[in-house]
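Q: Dropping the sequence and predicted coords here.
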Number of protein chains: 4
Amino acid sequence: MRDSILVAAEKVFSRYGYHEAKVAMIAFEAGVAVGTIYKFFKSKDELYREIVRLKLFEMEKRIFLVVKGKAPIEALKSYIHEAFSFFEENKEFFRYFLRDIGSLSVADLEKFGLSDWYDGFINRLAKIVDEGKKEGFFGNFDSKIVMLIVSGAIRNLVYSEVKGSINHDVNSIENMIFKIITEGIKK
Amino acid sequence: MRDSILVAAEKVFSRYGYHEAKVAMIAFEAGVAVGTIYKFFKSKDELYREIVRLKLFEMEKRIFLVVKGKAPIEALKSYIHEAFSFFEENKEFFRYFLRDIGSLSVADLEKFGLSDWYDGFINRLAKIVDEGKKEGFFGNFDSKIVMLIVSGAIRNLVYSEVKGSINHDVNSIENMIFKIITEGIKK
Amino acid sequence: MRDSILVAAEKVFSRYGYHEAKVAMIAFEAGVAVGTIYKFFKSKDELYREIVRLKLFEMEKRIFLVVKGKAPIEALKSYIHEAFSFFEENKEFFRYFLRDIGSLSVADLEKFGLSDWYDGFINRLAKIVDEGKKEGFFGNFDSKIVMLIVSGAIRNLVYSEVKGSINHDVNSIENMIFKIITEGIKK
Amino acid sequence: MRDSILVAAEKVFSRYGYHEAKVAMIAFEAGVAVGTIYKFFKSKDELYREIVRLKLFEMEKRIFLVVKGKAPIEALKSYIHEAFSFFEENKEFFRYFLRDIGSLSVADLEKFGLSDWYDGFINRLAKIVDEGKKEGFFGNFDSKIVMLIVSGAIRNLVYSEVKGSINHDVNSIENMIFKIITEGIKK
DNA sequence: TATGAATGAGAGTTCATTCAT
DNA sequence: GATGAATGAACTCTCATTCAT
């Protein structure tokens, strides 16, 4: 029940965005009564936040699952690929939430109770670069900034409205980012 | 009159975001009656779109003013610097824009009439890279994609509040992007 | 089961008043499920009415128990004392009752089935005065009116929190009512 | 406009009580839109409180207008008469609000912002008795308590549901209260 | 018989928009 | 042109009541 509400809510929020999505629509989509939603979530807002939380946690999990144990360069490649896949899969949802987690302001993060999470997430990503620096592959660049660049690049390419006018498949776009960044930060 | 409404609206939208900004607040800030706003703009929505349009046109204008006539590498540097400056100056406004653009009743950029504009904007930027490739500085990378990477990186770094935990000033961040990109795409 | 619901309901209604008291709270207080309440009472409304009925019947019973067999003047004194005690004991409940009785969907006493009861109650009280008149203690006052005066006086003095600003204990207040009335209606 | 809302609200609150009275009904009765009510009153609650406030102030004004300058006994008579008239006229309204201001609890009064007012009101009434004591008409009874008795008596007789079974007109009821009290408290 | 999860009608309130002045 | 009081549709959330287990 709780799950079908979450699934329905994600759909409706994705289709209409927070404000245009009405609680009644979510209830209808989930096949439950309006009141039922309030049995599981204190408010529309809380329901929304829960979805965002779950999405971001899922993203983190997926990324570090593929990154884990890999050598820096390989890890970077995997990160780019997995992030791309994840955003592609959740394109509709994130289109409305934010075009990239990078644009989450402190206020947003705090509202979502994700401040600490986000800092931890970026730090974990930064370790890939740290490792690469230690192993002599990467030059002396601030690891966090590098990762913000990568994540910004991914976001822009996934959500870019002009993508239609780019004659490249997802794979080659990922490769391009990977090449530019690794080349750009190599020692 | 129209201008003072636009100025007031920008302030109010920046402070509160689209939904929390009330037409009455804008009228008050502009020192006009509510009805007057509707003499110039069909709706709150249209007023918001007009501001976004003006902002982005202004950004484009500023960027190509500093880029114009410069050699590719210098032009790229100038673009990064100017974009950074512009976003920094309009930080508050865009912070909400990124969220609100999704939750407007108009559901996508098309409704803003900005899809075409954005395509043209990226194309103009891409010419910098094209030029660089022609002159033998840059390798065979899709110019548009390169520029989407750069612009995503800039946005991410401007709005990321994590910046607070990065010990670098704006200047050195700009330099880092510039270095990584030029190094990454050089022949 | 029915009794524990009544006990719990009285507590909850007394603490919160009719509208703020929720059926779920009563169920919790009674240690039963919500549905169980509806096995014994058709509605929240009916449950409330039942409590009121029981309260007033209890009051009547208690009053005529102490009044029974006493001489008029003594009986009047006993009535005043017992009524005072009863209201004091049930202060919290009646405090809300006076308000709630008016805001129930059932709009008047008739719906409580109490109109007739109240008439009978006052008639029984009036007999004390009748007796006193017959025995030559009291003058020619309408007995019902006298009793409505007494009962109004009692209520007012019991519920008036202003009592806090009156430097008299319950006992002396009772005495004052008694003295004023007996003196006022004596032959 | 504000006045027609107040008039309409009083009617609707009187007819249905606070909870059954719907804002939409008040708006309809007043011949205005729902939103208009919120231009003048922050909430349904505030509207209700305003009516109560006005009613009680009006009562006080009327009572002390007729009492003013009169000798104690005459003043007492006038108070009883005027209070009776006032409650009779506003019977419907007070039936729902409270059956007598005497039953206003401190909590209620504070909610209505009338705590100080009520204390002052009772004190002003008590002065009539004080005066009577000074002039040697009345015995040593606590003036406030006397007035609470009188006001309780009035309330009960105005709102009593059994009144129908009493064969006396308002005038003679007033007289009876007056006689009993003056006789009861005389020196 | 007892349960309590699910229901859904219905409430108060907001605020973009209108239009008589 | 400018005004701003009036509008009323539409929202989120509550909670008495039901009924399958």
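A: Right, received. Where do you want to start?
Q: Next, the closest residue to chain C within chain A: secondary structure please.
A: Proximity of chain A to chain C (CB to the nearest CB) peaks at A:Lys39, 12.1 Å away. Just so you know, the C-beta spots here come from the backbone N, C-alpha and C atoms, and that holds for glycine as well. Assigned by DSSP: H, G, I helix; E, B strand; the rest coil, the conformation of A:Lys39 is helix.
Q: Near it, how many residues? Count them for me, please.
A: Residues near A:Lys39, counting by other CB atoms under 10 Å in any protein chain shown, number 11.
Q: what's the pLDDT at the spatially closest residue to A:Leu125 that is not a sequence neighbour?
A: Spatially, and ignoring its direct neighbours in sequence, A:Leu125 is nearest to A:Met147 (4.4 Å; CB to CB, 6 or more residues apart in numbering or on different chains). A:Met147 is assigned 91 on the pLDDT scale.
Q: One more: A:Glu161?
A: For A:Glu161, pLDDT reads 59.
Q: that older thread, now do the contacts for the residue nearest to A:Leu125.
A: Applying CB atoms under 8 Å, 6 or more residues apart in numbering or on different chains to A:Met147 gives the contacts A:122, A:125-126, A:128-129.
Q: can you list the residues you listed in TSV and add pLDDT and secondary structure?
A: Converted to TSV, the contacts of A:Met147 look like this (pLDDT from 0 to 100; DSSP: H, G, I helix; E, B strand; the rest coil):
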residue	pLDDT	secondary structure
A:Ile122	86	helix
A:Leu125	93	helix
A:Ala126	92	helix
A:Ile128	94	helix
A:Val129	92	helix
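Q: near DNA strand E too, which of those?
A: With CB under 7 Å from any atom of the strand as the criterion, no member of these is in contact with DNA strand E.
Q: Out of those, flag the one nearest to D:Asn171.
A: Set against D:Asn171, the nearest of the contacts of A:Met147 by CB to CB is A:Ile122 (86.4 Å).
Q: Near that closest one, how many other residues are there?
A: Neighbours of A:Ile122 under the rule other CB under 10 Å: 20.
Q: That one against A:Ile145, yeah?
A: No - counting by CB atoms under 8 Å, no contact exists between A:Ile122 and A:Ile145, whose distance comes to 10.1 Å.
Q: Overlap of the contact sets of these two?
A: Common contact partners of A:Ile122 and A:Ile145 (CB under 8 Å, 6+ apart): none.
Q: follow-up on the earlier one: for the residue of chain A closest to chain C, give its distance to A:Leu47.
A: Noted for A:Lys39: a distance of 11 Å to A:Leu47, by CB to CB, to the nearest Å.
Q: same thing with A:Phe137?
A: Distance from A:Phe137 to A:Leu47, by CB to CB: 44 Å.
Q: Ok, A:Gly17 next?
A: As judged by CB to CB, A:Gly17 and A:Leu47 stand 14 Å apart.
Q: next one: A:Pro72
A: Applying CB to CB to A:Pro72 and A:Leu47 gives a distance of 39 Å.
Q: A:Ser165 too?
A: Noted for A:Ser165: a distance of 37 Å to A:Leu47, by CB to CB.
Q: more neighbours, those two?
A: Comparing A:Ser165 with A:Leu47 by other CB under 10 Å, the one with more neighbours is A:Leu47, at 22 against 11.
Q: can you tell me if the top helix by length along chain A touches DNA strand E.
A: With DSSP state H applied, the helix covering the greatest number of residues in chain A is identified as helix A:44-67. No - Helix A:44-67 lies out of reach of DNA strand E by CB under 7 Å from any atom of the strand, never closer than 12.6 Å.
Q: average pLDDT for the helix or strand just after that helix?
A: Once helix A:44-67 ends, the next helix or strand along the chain (criterion: DSSP states H and E) is helix A:72-89. Helix A:72-89 comes out with an average pLDDT of 92.
Q: Within range of chain D, give me the residues from chain A.
A: Not one residue of chain A sits near chain D, judged by CB under 8 Å from any CB of the partner chain.
Q: I'd guess A:Tyr118 is in a helix, am I close?
A: Yes - assessed by three-state DSSP, A:Tyr118 belongs to a helix.
Q: Pop out the phi and psi values for A:Phe138.
A: Main-chain dihedrals, A:Phe138, degrees, to the nearest 10: phi -110, psi 150.
Q: beta partners of it?
A: Following DSSP bridges, A:Phe138 is listed with bridge partners A:Lys186.
Q: For it, list the residues it contacts.
A: A:Phe138 sits next to A:72, A:129, A:132, A:146, A:185-187 when contact means CB under 8 Å, 6+ apart.
Q: could those be laid out in JSON lines, adding distance to D:Ser43 and neighbour count?
A: Output for the contacts of A:Phe138, formatted as JSON lines (distance: CB to CB, whole Å; neighbours: other CB atoms under 10 Å in any protein chain shown):
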{"residue": "A:Pro72", "distance to D:Ser43": "61", "neighbour count": "20"}
{"residue": "A:Val129", "distance to D:Ser43": "56", "neighbour count": "24"}
{"residue": "A:Gly132", "distance to D:Ser43": "61", "neighbour count": "24"}
{"residue": "A:Val146", "distance to D:Ser43": "54", "neighbour count": "26"}
{"residue": "A:Ile185", "distance to D:Ser43": "60", "neighbour count": "25"}
{"residue": "A:Lys186", "distance to D:Ser43": "66", "neighbour count": "16"}
{"residue": "A:Lys187", "distance to D:Ser43": "67", "neighbour count": "10"}
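Q: how about the residues you listed, which pair is most distant?
A: Largest separation among these by CB to CB: A:Val146 and A:Lys187, giving 13.3 Å.
Q: which parts of chain A sit against DNA strand F?
A: So far as CB under 7 Å from any atom of the strand goes, chain A lies against DNA strand F at A:21-24, A:34-35, A:38, A:43-45.
Q: If we use 6 Å, what do you get?
A: Residues of chain A lying near DNA strand F by CB under 6 Å from any atom of the strand: A:22-24, A:34-35, A:38, A:43-44.
Q: Tell me which helix or strand in chain A has the weakest average pLDDT.
A: Lowest on mean pLDDT, DSSP states H and E among the helices and strands of chain A sits helix A:106-111, with a mean of 60.
Q: Could you check which helix or strand contains the residue of chain A found nearest DNA strand E?
A: Of all residues in chain A, A:Gly35 sits closest to DNA strand E, at 1.5 Å by CB to the nearest atom of the strand. For A:Gly35, the host element (DSSP H and E) is helix A:34-40.
Q: and if you look at A:Phe141?
A: In the assignment (DSSP H and E), A:Phe141 maps to no helix and no strand.
Q: Would you mind giving the domain segments of chain A?
A: Using automatic domain parsing, the domains assigned to chain A come out as A:1-41, A:44-185.
Q: just those: most buried one?
A: domain A:44-185 (a mean of 18; mean count of other CB atoms under 10 Å in any protein chain shown).
Q: could you dump the longest helix of chain A to CSV, C-alpha only?
A: Provided in CSV are the C-alpha atoms of helix A:44-67 (Å, rounded to 0.1, in the frame of the first residue of the first chain):
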residue,chain,number,x,y,z
LYS,A,44,1.9,16.0,0.4
ASP,A,45,5.3,17.6,1.1
GLU,A,46,6.5,14.7,3.2
LEU,A,47,5.5,12.2,0.5
TYR,A,48,7.4,14.2,-2.0
ARG,A,49,10.5,14.4,0.2
GLU,A,50,10.4,10.6,0.8
ILE,A,51,10.4,10.0,-2.9
VAL,A,52,13.4,12.3,-3.4
ARG,A,53,15.2,10.7,-0.5
LEU,A,54,14.6,7.2,-1.9
LYS,A,55,15.7,8.2,-5.3
LEU,A,56,18.9,9.8,-4.2
PHE,A,57,19.8,6.9,-1.9
GLU,A,58,19.1,4.5,-4.7
MET,A,59,21.4,6.5,-7.0
GLU,A,60,24.2,6.5,-4.4
LYS,A,61,23.8,2.8,-3.8
ARG,A,62,23.9,2.0,-7.5
ILE,A,63,26.9,4.2,-8.2
PHE,A,64,29.1,2.9,-5.4
LEU,A,65,28.1,-0.6,-6.2
VAL,A,66,29.7,-0.4,-9.6
VAL,A,67,32.5,1.9,-8.5
